[in-house]
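Asks: Could you work out the structure for the sequence below:
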Amino acid sequence: MSGMGHPGEIMNTSSKRLGKVSGRLVTVAMVAALSCGPTLAAAQDTQDVGDTKPSGAAMVFDLALGRPLGLGATVLGTAVFILGLPFEALSGDVSAPARRLVTEPAKFTFLRPLGEFN
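Replies: Residues are numbered from 1 along each chain as shown. Have a look, this model is predicted:
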């Protein structure tokens with residue numbers, strides 16, 4: 001067992017790598033989301049005035065970035081809501097934070113038609 005490290009060292013190294021990889025994925029997703037905004041705006045500008053259906057570019061953008069980011073916002077909002085729930089309960093208003101942190105991101109992610117951002 002001369003080449004193998006202690007199990008705790010292996011887990012610690014794996015955790016560090018996972019943290020670096022997830023950090024890079026978040027960075028790539030944010031850069032992609034920010035750089036695709038002008039492209040999406042240009043794609044929407046080229047649609048006919050009477051055409052209310054989303055363009056193919058809008059659908060692709062929504063599927064590739066909008067929905068995953070919406071899911072992340074839903075999960076993060078739910079976690080923040082749960083952490084703040086005791087304080088919200090003391091103030092007597094739980095419905096407004098629940099709507100803003102959980103319901104609205106969930107509706108954006110799961111209930112809206114693909115490619116529609118209104």
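Asks: all helices for this structure, in order.
Replies: For the chain, the helices defined by DSSP state H cover 7-45, 56-61, 67-91, 95-98, 104-110.
Asks: And those helices, which one averages the lowest pLDDT?
Replies: In terms of average pLDDT, helix 7-45 trails the rest of the helices of the chain, at a mean of 59.
Asks: what about the residue nearest to residue 85 when sequence neighbours are not counted, how many residues close to it?
Replies: The spatial neighbour of residue 85 that comes closest, neighbours along the chain excluded (CB to CB, 6 or more residues apart in numbering), is residue 94 at 7.1 Å. Every C-beta, even on glycine, is put in place using the N, C-alpha and C of the backbone. Other residues within reach of residue 94, judged by other CB atoms under 10 Å, total 13.
Asks: now swap in residue 73 and tell me
Replies: Neighbourhood size, residue 73 [other CB under 10 Å]: 17.
Asks: Would you mind confirming that it makes contact with residue 107?
Replies: No: using CB atoms under 8 Å, residue 73 makes no contact with residue 107, being 11.2 Å away.
Asks: Assess the claim that the residue nearest to residue 85 and residue 88 are in contact.
Replies: Yes: between residue 94 and residue 88 there is a contact under CB under 8 Å: 5.0 Å.
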